[in-house]
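Asks: Need the 3D shape of this:
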Amino acid sequence: MGSLQALEAIKVLTGVGEPLSGTLLLYDALSQTIQKMKFYRDTQQPTVAKLADSYEVSCELAQPTINASELYKLWQTGSMQLIDVRTDLEYKNNHLKGAIHIPLAVVEDRIKEIEVAKTVYVICQSGIRSKKAVIVLEKILPQSKIIQVTGGMNAIHTHVTTS
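Replies: Numbers count the residues shown, from 1 in each chain. Reported below is the predicted structural model:
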């Protein structure tokens with residue numbers, strides 16, 4: 001594909017041959033086939049005169065997060081709702097006192113155990129499963145404030161004595 005793109009650039013720069021301007025070249029590597037699709041300029045759209053210096057785009061979803069230090073301060077008040085989405089064995093070996101244990105695999109089934117009126121903090125071992133749990137919970141409980149604990153229990157150990 002890179003060679004085809006380079007060839008198109010050479011055609012435009014040298015004026016030799018006919019570039020695929022207005023044509024989309026589709027390559028299917030599985031069947032080794034190439035298709036050409038024509039498309040036309042929309043005259044209703046403004047012409048681009050200059051490119052921007054940067055086109056930074058993030059594919060991450062903006063999820064509210066809290067770090068271990070901030071969580072520790074809240075945890076000391078004793079008035080928070082913390083959902084631990086780790087496995088049974090992980091939770092048994094080590095967890096924060098007062099955390100509600102709902103493994104990621106059964107979050108949807110045990111949704112009624114979560115108090116929707118309170119802010120929900122979600123923790124796992126490193127932050128990956130809690131991020132997944134937050135996505136699930138936000139779909140099921142769109143009215144609730146759900147916050148992921150970044151770094152999970154790995155980050156907590158420097159701030160909190162667990163049991």
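Asks: mind giving me the domain split of this protein?
Replies: Annotated domains of the chain cover 2-38, 65-156 [automatic domain parsing].
Asks: what's the average pLDDT for the last one?
Replies: Domain 65-156 shows a mean pLDDT of 92 in the predicted model.
Asks: Out of the domains of the chain, which is closest to A52?
Replies: Evaluated over those, closeness to A52 peaks at domain 2-38, with 21.2 Å, by C-beta to C-beta. Using the backbone N, CA and C atoms, a C-beta is placed for each residue, glycine as well.
Asks: need the contact list for K112.
Replies: Under the criterion of C-beta atoms under 8 Å, 6 or more residues apart in numbering, the contact list for K112 is empty.
Asks: Just name the most buried of the domains of the chain.
Replies: Ranked by average neighbour count under the criterion mean count of other C-beta atoms under 10 Å, the domains of the chain are headed by domain 65-156 at a mean of 17.
Asks: hang on, the earlier thing: could I get the domains of the chain in CSV, plus columns for distance to A52?
Replies: Listed next are the domains of the chain as CSV, based on distance: least, C-beta to C-beta, whole Å:
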stretch, distance to A52
domain 2-38, 21
domain 65-156, 29
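Asks: Among the ones you listed, which comes closest to Y55?
Replies: Using C-beta to C-beta, the domains of the chain put domain 2-38 closest to Y55, at 18.5 Å.
Asks: from the middle of its chain, how far away would the closest one be?
Replies: Centroid displacement of domain 2-38 relative to its chain, using C-alpha atoms, centre = their mean, to the nearest Å, is 34 Å.
Asks: Check stretch 41-56 too.
Replies: Relative to its chain's centre, stretch 41-56 lies at 28 Å (C-alpha atoms, centre = their mean).
Asks: Rounded mean pLDDT for that stretch, please.
Replies: On average, stretch 41-56 scores 80.
Asks: Now tell me what touches it from outside.
Replies: With contacts defined as C-beta under 8 Å, 6+ apart, stretch 41-56 is touched by G22.
Asks: Hmm, R86 is touching M153, no?
Replies: Yes - R86 lies in contact with M153 (C-beta atoms under 8 Å); the separation is 7.4 Å.
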